[in-house]
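K.L.:
predicted model and sequence below, questions to follow.
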Amino acid sequence: DAGITQSPRYKITETGRQVTLMCHQTWSHSYMFWYRQDLGHGLRLIYYSAAADITDKGEVPDGYVVSRSKTENFPLTLESATRSQTSVYFCASKPGPAHTDTQYFGPGTRLTVL
Amino acid sequence: QKEVEQDPGPLSVPEGAIVSLNCTYSNSAFQYFMWYRQYSRKGPELLMYTYSSGNKEDGRFTAQVDKSSKYISLFIRDSQPSDSATYLCAMPLRVGYSTLTFGKGTMLLVSP
């Protein structure tokens, strides 16, 4: 399917476990982003990537790891999940560096950490 | 204080009403402003963008920027139940940067 997809859509895990959220886009967009969305905080940027093998921290990177070995994939790993990481996670992509380029969002992954 | 402030609502209006959604921002260097719409349990999607001051119209939607007050607005005319969603304002995190900073979003409920 064309576009941007995330998997899984729902995930329940326990504190201390490692969790990986997947993001895949078919547009060959160079930029990809991970956000978390929480009540009272809105959308906050976790990490972003300008190209394969280039990543940078966003507003709330602690406790998360990203990698980007291929342009189309941008997985987000919670190395040791905590309850405070319970959230809805959105992946996004955009064609290039211009701030006028539209960001396209995936459908989200709802993560619950027990 | 977050750079972009937005009242979370909810804002409840009857069908056909004119809706005004607003954001304030702190960085006077911002030039480019966006409005995203997010339906329940979906990802945000770009609704409108506007550059610098003034108005931009797209169908029933008008985006307005007042740089002197650091205030942006989204007006929806003849609101429909299908407009029920959360509306997020967004702007570049820093001038020239590729990343965006978002307001917390205002939930709009349009009742038939």
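P.N.:
Happy to help now that I have it. Numbering: from 1, shown residues only, chains lettered A, B, ... in the order given.
K.L.:
show me which residues of chain A are close to chain B?
P.N.:
Residues of chain A lying close to chain B (C-beta under 8 Å from any C-beta of the partner chain) are A:31, A:33, A:40-45, A:48, A:50, A:58, A:90, A:92, A:94, A:97-108. Just so you know, the C-beta spots here come from the backbone N, C-alpha and C atoms, and that holds for glycine as well.
K.L.:
please, a ChimeraX command that selects the buried ones among the residues you listed?
P.N.:
The buried residues among the residues of chain A next to chain B can be selected in ChimeraX (16 or more other C-beta atoms under 10 Å in any protein chain shown) with this line:
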select /A:31,33,42,43,44,45,48,58,90,92,94,99,103,104,105,106,107,108
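K.L.:
of the residues of chain A next to chain B, which belong to strands?
P.N.:
A:31, A:33, A:42-45, A:48, A:50, A:90, A:92, A:94, A:104-105 (DSSP state E).
K.L.:
mind listing what the closest residue to B:T24 other than its chain neighbours touches?
P.N.:
What sits nearest to B:T24 in space, not counting adjacent residues and going by C-beta to C-beta, 6 or more residues apart in numbering or on different chains, is B:E5, at 4.8 Å. Residues counted as contacts of B:E5 (C-beta atoms under 8 Å, 6 or more residues apart in numbering or on different chains) are B:C23, B:T24, B:Y25, B:G103, B:K104.
K.L.:
next: B:A85.
P.N.:
The contact partners of B:A85, by C-beta under 8 Å, 6+ apart, come to B:R37, B:Q38, B:Y39, B:S40, B:M107, B:L108.
K.L.:
out of those, the closest to B:C89 would be?
P.N.:
Top of the list for closeness to B:C89, among the contacts of B:A85 and by C-beta to C-beta, is B:R37 at 11.0 Å.
K.L.:
neighbours of that closest one, how many?
P.N.:
19 (other C-beta atoms under 10 Å in any protein chain shown).
K.L.:
now A:T55
P.N.:
Neighbour number of A:T55 under other C-beta under 10 Å is 18.
K.L.:
count the residues that sit near A:R17.
P.N.:
Neighbour tally, A:R17, other C-beta under 10 Å: 12.
K.L.:
and the residue nearest to B:G54 when sequence neighbours are not counted, how far from A:W27?
P.N.:
Leaving aside its sequence neighbours, B:G54 sits nearest to B:V65 (C-beta to C-beta, 6+ apart; 6.3 Å). Shown here: B:V65 relative to A:W27, a distance of 29 Å by C-beta to C-beta, to the nearest Å.
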